[in-house]
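S.K.: A structural model of the following input is requested.
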Amino acid sequence: MSGISKDVLVGIVGAGTMGMGIAQVAAAAGHGVRLYDAADGGAERGLQRLSEDLAALVGKGKLGEEAAGNLLARIVPVSDLADLAPSKFVVEAVVEQLDIKQKLFAALEAIVGNRAVLATNTSSISITAIGSALKHPERFVGMHFFNPAPVMKLIEIVSGLATDSETADIVHATATDWGKVAVHTKSTPGFIVNRVARAFYGEPMRLLEEGVASAETLDTLLKHGGGFRMGPFELMDLIGNDVNLAVSRSIFEAFFHEPRFRPSLMQQELVSSGRLGRKSGTGWYDYSVSKRPAEPEMVPGAAAWPDISLETDCVRDGLLVTRTDGRTAAERQTAASGQPVIVHDLYNGRPGRGHLGFAASPSVSAAHKQVFADAIRVRGIRPVELPDWPGLVVLRTLALIANEGFEAVLQGVSDEAGIDAAMVYGVNYPKGPIAWAREVGVDHIEATLVNLQRLTGDTRYRPSLRLRLEASLLPGGNAASH
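M.R.: All right, here's what the predicted structure looks like:
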């Protein structure tokens, strides 16, 4: 399937941050663009902001002056919605209100004719619901860009119940022609990214509520042990806790209060107190402090176990060293007939730099913990002792993210490649959650979830049927019973 040709005029409705970003992407791809905004002079102001942004890029040597001029020349502001009549492809980026979008698209449908493709950049409203106001909803589709649109690679191509598959394929091919990574998804709450990403925020907040570690420690472990670009708490502060909480509430309610999407009371308290993050000066962190205190340097000691493995179980000096699987170290000690146990977290940090969480069963001596810590310090990995808690931090968070990915595939939201691409290119995850789960071992992920549900009694941890079926087909069957 081919995308729309370069001679097709693209209409953009909305000259805010997202609208101007989409206009820039379309114009950079060679399309003529007509830009409309309902506010008087809104399109002209948006074009002026873009001109200033491009001039800054030219000044930094990141864009040629001629290319910037050509791009700007392709975008023509218009003052009336009817001026979009020649457009055969229209993308909307206005306020997130269903009634406003329905009225807008009903008006556009009458203006652009029956052959034009209509797309919405909504991140949260049902494509089916918006399209229900149209006479021809089969040519209506979601085209969800991520901010900033010119930089972020992902576009979710969202089909409502009435969207024609050919329409979705044309828009998918167009997004690819525009240099983006496009993934097909169907219109369900949160689409792919906002749905699967809830676990990246929700599980660390749950760990904070349980008193396992501070927000800073959890961020550090997930960044420098899990390989995520930002920690969940600093990312929520950047997004705005009010915005993040609103999305979580919306998805929780849209899924009829499914426990996997349960919002955090602690975050609700932050929002109620006005601690919204960077924009208010305080959130999970206090931004009135110019710089966080530097972490103390850890000097390596004598590594008694230089060849200790973090991938497989090993026994040294009567101590079992093993990775966490949702059971506590005390449980592992009981299963090992009283042998003292250190369980460590999943590690996906960069070689020679990172942090690794670990916990010890009650009978592990301080000397044994010191020897274990020294053995990983010489690899450039900083040990972080945690309470003896099920799942620790990185594995527990990944298990919830991966489980949601498998569940989304089960429900036909997208295919496995689409889920993985969406999370890598939409929110910069170090790996696609499904591929990552297979790398760790789907049986290990399933066992972690089963043990978490057993210990907590919370159904938020129940494994997806698709995950369980895949784990059951592995040699040895269901690892949760081991």
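S.K.: where along the stretch 251-400 of the chain do the helices fall?
M.R.: With DSSP state H, counting those that start in this stretch as the criterion, the stretch 251-400 of the chain has helices at 265-272, 329-335, 366-377, 394-410.
S.K.: Let me know which of the ones you listed is tucked in deepest.
M.R.: Each of the helices of the stretch 251-400 of the chain was scored by mean neighbour count; the highest is helix 394-410, a mean of 26, by mean count of other CB atoms under 10 Å. Yep, even glycine has a C-beta here, placed from its N, CA and C like the rest.
S.K.: Figure out how far it is from the centre of its chain.
M.R.: Chain-centre distance of helix 394-410: 12 Å, with CA atoms, centre = their mean, to the nearest Å.
S.K.: helices or strands up against the helix or strand harbouring Leu50?
M.R.: Element membership of Leu50, judged by DSSP states H and E, is helix 42-59. On a contact count with 3 or more CB pairs under 8 Å, 6 or more residues apart in numbering; DSSP states H and E, helix 42-59 meets helix 17-28, strand 33-36, helix 65-74, strand 75-78.
S.K.: Tell me which of the ones you listed lies nearest to His184.
M.R.: helix 17-28 (19.0 Å; CB to CB).
S.K.: CA atoms of that closest one as PDB?
M.R.: Output of helix 17-28 as PDB, limited to C-alpha atoms (Å, rounded to 0.1, in the frame of the first residue of the first chain):
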ATOM      1  CA  THR A  17       2.400  22.700  19.800                       C
ATOM      2  CA  MET A  18       1.200  19.400  18.300                       C
ATOM      3  CA  GLY A  19      -0.500  21.000  15.300                       C
ATOM      4  CA  MET A  20       2.600  23.000  14.400                       C
ATOM      5  CA  GLY A  21       4.800  19.900  14.900                       C
ATOM      6  CA  ILE A  22       2.600  17.900  12.500                       C
ATOM      7  CA  ALA A  23       2.500  20.700  10.000                       C
ATOM      8  CA  GLN A  24       6.300  20.800  10.100                       C
ATOM      9  CA  VAL A  25       6.600  17.000   9.600                       C
ATOM     10  CA  ALA A  26       4.200  17.100   6.600                       C
ATOM     11  CA  ALA A  27       5.900  20.100   5.000                       C
ATOM     12  CA  ALA A  28       9.400  18.600   5.600                       C
END
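S.K.: Show me the contact partners of it.
M.R.: Residues outside helix 17-28 that contact it (CB atoms under 8 Å, 6 or more residues apart in numbering) are 10, 12-13, 15, 33, 35, 37, 46-47, 49-50, 71-72, 74-75, 91, 93-94, 121, 145, 147-150, 178-180.
S.K.: again, only this time at 7 Å
M.R.: If you take CB atoms under 7 Å, 6 or more residues apart in numbering as the criterion, helix 17-28 is touched by 10, 12, 33, 35, 46, 49-50, 71, 74-75, 91, 93, 121, 145, 147-150, 178.
S.K.: any chance you could map the strands in the protein?
M.R.: Shown for the chain, the strands assigned by DSSP state E span residues 10-13, 33-36, 75-78, 89-92, 117-120, 140-145, 154-159, 181-186, 314-316, 319-323, 341-344, 354-360, 381-385.
S.K.: list the helices and strands the fifth one packs on?
M.R.: Secondary-structure packing of strand 117-120 (3 or more CB pairs under 7 Å, 6 or more residues apart in numbering; DSSP states H and E): strand 89-92, helix 98-112, strand 140-145, helix 165-177.
S.K.: Please pick the buried ones from the contacts of helix 17-28.
M.R.: Those of the contacts of helix 17-28 that meet the buried threshold are 10, 12, 33, 35, 46, 50, 71, 74-75, 91, 93, 121, 145, 149-150, 178, by 16 or more other CB atoms under 10 Å.
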